[in-house]
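Asker: Test case, fold it:
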Amino acid sequence: RSTYVRSQNTLVWNPETPGETKVSVVIYNEHGGVFQTSELNIMVADKQIFVYNTLVVSFSQQSGFMIDHGKQWMHKIEPGTTVLDLKEAMAVTGNTGEITVVFKNAQGQEMADTDLVATGTAVTVLEDGAERISYTVLIYGDINGDGQVGIADFAKLRQEMLRGNLVTGIYSQAADVNYD
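Answerer: This is a model prediction of the structure:
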């Protein structure tokens, strides 16, 4: 059992028992969307408090790219964006080891810097070779997963509907081009 007191910019935490607690810190952009999420690990033991960060992945604000940490999606990415474009906009903080970011297409093949990221692209962050976190790219309108938005996406959606199938998973989110 712990006591939390929250004001506009301050959180006071008074733990009654030693142990580890994770605290999520969310920074919102000017439109009310999540810009960055960070997680702090707090360890309380024998009147000593240790605070240490966990790995945080974010994008530069000017890129316009967003991360939904809860759903583990990278979204608001424009069609035609390359792997290198995404890498250059990314920041990884809170790490103590060597960071590697791996991009794989929907078929599980590693991607080159010049390849287009597409709906379904897996972005995995490794620290010292161990997987720390993974995201899936979502490009609104890119229903067929080619990294572009065009008639092929409409044809894919029409074809699935005529067969009585629903577009599922991340591709159903890509079909939601007006974000509702």
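Asker: Report the contact partners of A152.
Answerer: If you count contacts by CB atoms under 8 Å, 6 or more residues apart in numbering, A152 has them with N144, D146. All C-beta spots, glycine's among them, are computed from the backbone N, C-alpha and C.
Asker: make that Y135, sorry
Answerer: Here Y135 is in contact with V57, I67, Q72, W73, M74, A122, V123, T124 (CB under 8 Å, 6+ apart).
Asker: Select only the buried ones of those residues in ChimeraX?
Answerer: Here is the ChimeraX command that selects the buried residues among those (16 or more other CB atoms under 10 Å):
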select :57,67,73,74,122,123
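Asker: Now do the helices in this protein.
Answerer: Listed in chain order, the helices of the chain (DSSP state H) span 83-89, 151-162, 170-174.
Asker: Pick the most deeply packed of those helices.
Answerer: Ranked by mean neighbour count, the helices of the chain are led by helix 170-174 with a mean of 20 (mean count of other CB atoms under 10 Å).
Asker: and that helix, average pLDDT?
Answerer: Helix 170-174 carries an average pLDDT of 90.
Asker: With stretch 135-150 instead?
Answerer: Mean pLDDT, stretch 135-150: 95.
Asker: Name the nearest of the contacts of Y135 relative to E160.
Answerer: Among the contacts of Y135, W73 lies closest to E160 (CB to CB), at 21.0 Å.
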